[in-house]
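Undergrad: Predicted model follows, preceded by the sequence.
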Amino acid sequence: MKVALFQTKLAWENPVINRTFIEEYFLNEDESFDLFVLPEMFTSGFTMNPSAVAETMEGETINWLKELAKKKTCAITGSLVIKENDNFYNRMVFVFPSGEVQFYNKRHLFTLAGEEKVYTKGNDKVIVNYNNWNICLQICYDLRFPVFARNVENYDLLLYVANWPKPRINAWDALLKARAIENMCYTIGVNRIGEDANHLEYPGHSKAIDFLGNTILDCEDELGVFIFELDKNAQQETRQKLNFLNDRDGFTIL
């Protein structure tokens, strides 16, 4: 599977500017790809003012994503603020080329920023099947909680989208690698760059790591679309050879 990730700056609480900027890079990329990955809250930045930017699942951004996915016959994923039944969610949507949409609501809300005070947490772990790849969807702070991400379903790709700031970027780098090794699966983390309205700096470090912890791609602090390929057969052969996942512990998440 060929994946394109977009490491980008984000205009604060301005979906129109962000959609326009993303679309320009998306449409100007000549190389084809199967999956296009955007950061967390790609329409707004990591805002604790959801009423300023919230949309519905029938809103402008979802319809825009459907149009883009159809144009390039690819899937698109990333998170945005969604309002549903008077609740706000940090929701990672996965838009198929057909227009079908599946989604994951962020489970681990970032208490340091007060995210739990304004957003409703999700409970369900979500794995989507796309092009015969089982993809586990996760958002930012989820990265610090390995039990929730544990590969008990034998998924093929672990995918994190984030707004992860510079002071704690060493944790981002280390934990992405750890999740890849312990779950024996390709792991992708897509972070933003630039500075937000709270003067937090985001250094990027979006990356792709293979099932043994080897770095496939590290975007460092560069702006742009980065394309790489994942080999499911190589991952399956390594899993069968080493059998590490067969020795994992059983557990129950409350």
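TA: Perfect, thanks for sending it. As the structure is a prediction and not an experimental result, all values here were calculated from the model. Numbering: from 1, shown residues only.

Undergrad: could you list every residue that touches the one residue sitting closest to the centre of the chain?
TA: Nearest to the geometric centre of the chain sits Val161, at 2.7 Å (C-alpha atoms, centre = their mean). Counting by C-beta atoms under 8 Å, 6 or more residues apart in numbering, Val161 touches 37-40, 42, 77-79, 92, 138-140, 189-190. C-beta here means a position set from N, CA and C on the backbone, and glycine is covered the same way.

Undergrad: host element of Lys177?
TA: helix 169-183 (DSSP states H and E).

Undergrad: And the helices in the chain?
TA: With DSSP state H as the criterion, the chain has helices at 15-28, 60-72, 115-118, 146-149, 169-183, 232-242.

Undergrad: now what about the first one, what contacts it?
TA: When you say that, I think you mean helix 15-28. Outside helix 15-28, the residues touching it (C-beta under 8 Å, 6+ apart) are 6, 8, 10-11, 36, 38, 42-44, 53, 55, 60-61, 64, 68, 71-72, 224-225.

Undergrad: and what of the third one?
TA: The contact list for helix 115-118 (C-beta under 8 Å, 6+ apart) reads 48-50, 88, 90, 109-110, 141.

Undergrad: rewinding a little: phi, psi for the nearest residue to the residue nearest to the centre of the chain once chain neighbours are set aside please.
TA: In space, Val161 comes closest to Glu40 once its chain neighbours are excluded; the distance is 4.6 Å by C-beta to C-beta, 6 or more residues apart in numbering. Glu40 has phi and psi values of phi -70, psi 140 when expressed as degrees, to the nearest 10.
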